[in-house]
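Colleague: coordinates only, no sequence provided:
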């Protein structure tokens, strides 16, 4: 099995060599380990330092396109390079390279499609109490949305089998972690978590501008991704928010109307009737939108399957070309050299 460790990097010349040096090149069950750097438009010499440090492949964006795009570029490139397993790690040396064998072990044994490194956030001393609490709440929401049991849902240290990588496609422009986890959960891929150690990183994150900015953007990703895969359920919840008070108001209007007939009540029921009718109508329209969104979701699922099969054919075609090229090179290297035969003397 071939393992490719992909490392998205942006201006990480100070740490990239350390990260590459820490990646083990011999792992049980793995025949070959290669390192792929995705240089996301660095303004320094990150790519050159990485190559000198032993990186096998470097892909460079001409401009900074964000972590999510760099992650997807890495997945696509690793698949074209023939990866059977892909490990994603950070270029800031947060995740120790010697944890990679434990991370890929469930995939090597065939018991998981995706393995996520659990940083055990609640025990990290450099995380503030507020950050730990936010991490716990956020992970709980993602576990509910993805129907998985992953303790550290935003961990970037993760391993994917070839099958999982072929079904991975990032649509957000911020972070891939939550979106891909919800995708994997809805596609019923087998996901495991492995406790890992982490290294302390002093510099602030380049992904976001503080905890609240991170929460706001991740919350938007969770909402969009969950609505993408569960549109009828989402719109039914929204419709219920209109339907329940609408029916209560209509009930009051009916009570007043009946009361007038029976006891000559003088209470007015026009406002309750009008507002209740509008709310029930809005609930009906919202629910119908949910039905349409659900049918659109069916089309999207077909498109995802088409994309999966196209990517599979592209990767298989690339593997066949590499195999044929290697065979031709081997034939050329072992073919006997033809001796030059000269014409006998005296003959023209």
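Modeller: Great, that's in hand. From a predicted model like this one, the values you see are computed outputs, not experimental measurements. Numbering: from 1, shown residues only.

Colleague: got the end-to-end distance for stretch 145-160?
Modeller: 20 Å (C-alpha to C-alpha, to the nearest Å).

Colleague: in that stretch, what's buried?
Modeller: For stretch 145-160, the neighbour count (16 or more other C-beta atoms under 10 Å) marks 145-146, 148, 150-160 as buried. (C-beta placed from N, C-alpha, C; glycine too.)

Colleague: stretch 80-91 now?
Modeller: Result for stretch 80-91 [16+ other C-beta under 10 Å]: buried residues 81, 82, 83, 84, 85, 86, 87, 88, 89, 90, 91.

Colleague: ok, the third one touching residue 165?
Modeller: Right, the one you point to is residue 83. Yes: applying C-beta atoms under 8 Å, one finds residue 83 in contact with residue 165, separated by 7.2 Å.

Colleague: list the contacts for the residue lying closest to residue 121 once chain neighbours are set aside?
Modeller: Distances taken as C-beta to C-beta, 6 or more residues apart in numbering place residue 135 nearest to residue 121, at 4.7 Å, with adjacent residues excluded. Applying C-beta atoms under 8 Å, 6 or more residues apart in numbering to residue 135 gives the contacts 121, 122, 127, 152, 154.

Colleague: for residue 176, same thing?
Modeller: Contacts for residue 176 (C-beta under 8 Å, 6+ apart) come out as 67, 68, 71, 72, 170.

Colleague: go with 7 Å
Modeller: 67, 68, 71, 170 (C-beta atoms under 7 Å, 6 or more residues apart in numbering).

Colleague: okay, and which of the contacts of residue 135 map to helices?
Modeller: Among the contacts of residue 135, no residue falls in helices (DSSP state H).

Colleague: among these, which two are most distant?
Modeller: Farthest pair in these (C-beta to C-beta) is 122 and 154. Separation: 13.9 Å.

Colleague: what segments of the stretch 201-348 of the chain are helices?
Modeller: For the stretch 201-348 of the chain, applying DSSP state H, counting those that start in this stretch gives helices covering 211-229, 231-263, 270-334.

Colleague: residue 46 is nearest to which of those helices?
Modeller: helix 211-229 (23.8 Å).

Colleague: can you list the buried residues of stretch 145-160 in TSV and add pLDDT and distance to residue 98?
Modeller: Listed next are the buried residues of stretch 145-160 as TSV, based on pLDDT from 0 to 100; distance: C-beta to C-beta, whole Å:
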residue	pLDDT	distance to residue 98
145	89	32
146	89	29
148	89	26
150	90	22
151	89	21
152	89	19
153	88	24
154	88	22
155	90	17
156	89	17
157	94	12
158	95	16
159	96	14
160	95	20
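
Colleague: adding distance to residue 233, write these out as CSV.
Modeller: Output for these, formatted as CSV (distance: C-beta to C-beta, whole Å):
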residue, distance to residue 233
145, 11
146, 14
148, 17
150, 21
151, 25
152, 26
153, 20
154, 24
155, 27
156, 29
157, 31
158, 27
159, 31
160, 27
